[in-house]
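[1] structure of the sequence below:
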Amino acid sequence: MIRILFVLLIALTPALNSRGFSQAPKPGPVLEFEDLKQGFGMVKEGEIVALEYKYKNTGDAPVVITETKVSCTCTSVDFPKEPILPGQAGSIKVKFDTKNKYDRQDRVIQVISNSTGSPIIELRFKGVVLKKK
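    Numbers count the residues shown, from 1 in each chain. As a prediction, the model looks like this:
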């Protein structure tokens, strides 16, 4: 009987953890984003699109974002310059200037940090810019 209970407990442990029961923090600094991809739908050329990427440090050491890289000057990124403490959440704010842009847009932002396992995280956004008439 005890053997059966022990086997059931072992078998159910992963299911319990996947349903939101607390887990120990991961070792080292770990930066996790809620969504890596976002869409802004359709906008008119000349509008500025504002996006926000929410994150949390799920590790047991501070995360430091050292820089971000974008493919063109039409995209600006506001990220925290101070360390992100374990358990702390926040967001990276992105602005995309659609001046002289039209049709489908697909942009990538590289977030470079000391995050264990993923020192470079790619954030992406897509949408359609309608040309002025």
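[2] helices of the protein, start to end?
    Listed in chain order, the helices of the chain (DSSP state H) span residues 2-18.
[3] any low-confidence regions in it?
    Within the chain, the ranges that satisfy pLDDT under 70 run 1-23.
[4] show me where it has strands.
    31-33, 37-44, 48-57, 65-70, 75-78, 89-97, 103-113, 120-130 (DSSP state E).
[5] can you redo these as JSON lines with mean neighbour count and distance to Pro25?
    Quick note: C-beta positions are derived from backbone N, CA and C, even for glycine. As requested, those are arranged in JSON lines below (neighbours: other Cβ atoms under 10 Å; distance: least, Cβ to Cβ, whole Å):
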{"stretch": "strand 31-33", "mean neighbour count": "19", "distance to Pro25": "11"}
{"stretch": "strand 37-44", "mean neighbour count": "13", "distance to Pro25": "26"}
{"stretch": "strand 48-57", "mean neighbour count": "18", "distance to Pro25": "9"}
{"stretch": "strand 65-70", "mean neighbour count": "15", "distance to Pro25": "19"}
{"stretch": "strand 75-78", "mean neighbour count": "16", "distance to Pro25": "26"}
{"stretch": "strand 89-97", "mean neighbour count": "16", "distance to Pro25": "13"}
{"stretch": "strand 103-113", "mean neighbour count": "16", "distance to Pro25": "16"}
{"stretch": "strand 120-130", "mean neighbour count": "16", "distance to Pro25": "18"}
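[6] so which residue is dead centre in the protein?
    Phe33 (2.9 Å; Cα atoms, centre = their mean).
[7] report the beta-bridge partner residues of that one.
    Residues in a beta bridge with Phe33, per DSSP bridges, are Tyr55.
[8] for Gln110, give its distance to Met42.
    26 Å (Cβ to Cβ, to the nearest Å).
[9] no further questions, thank you.
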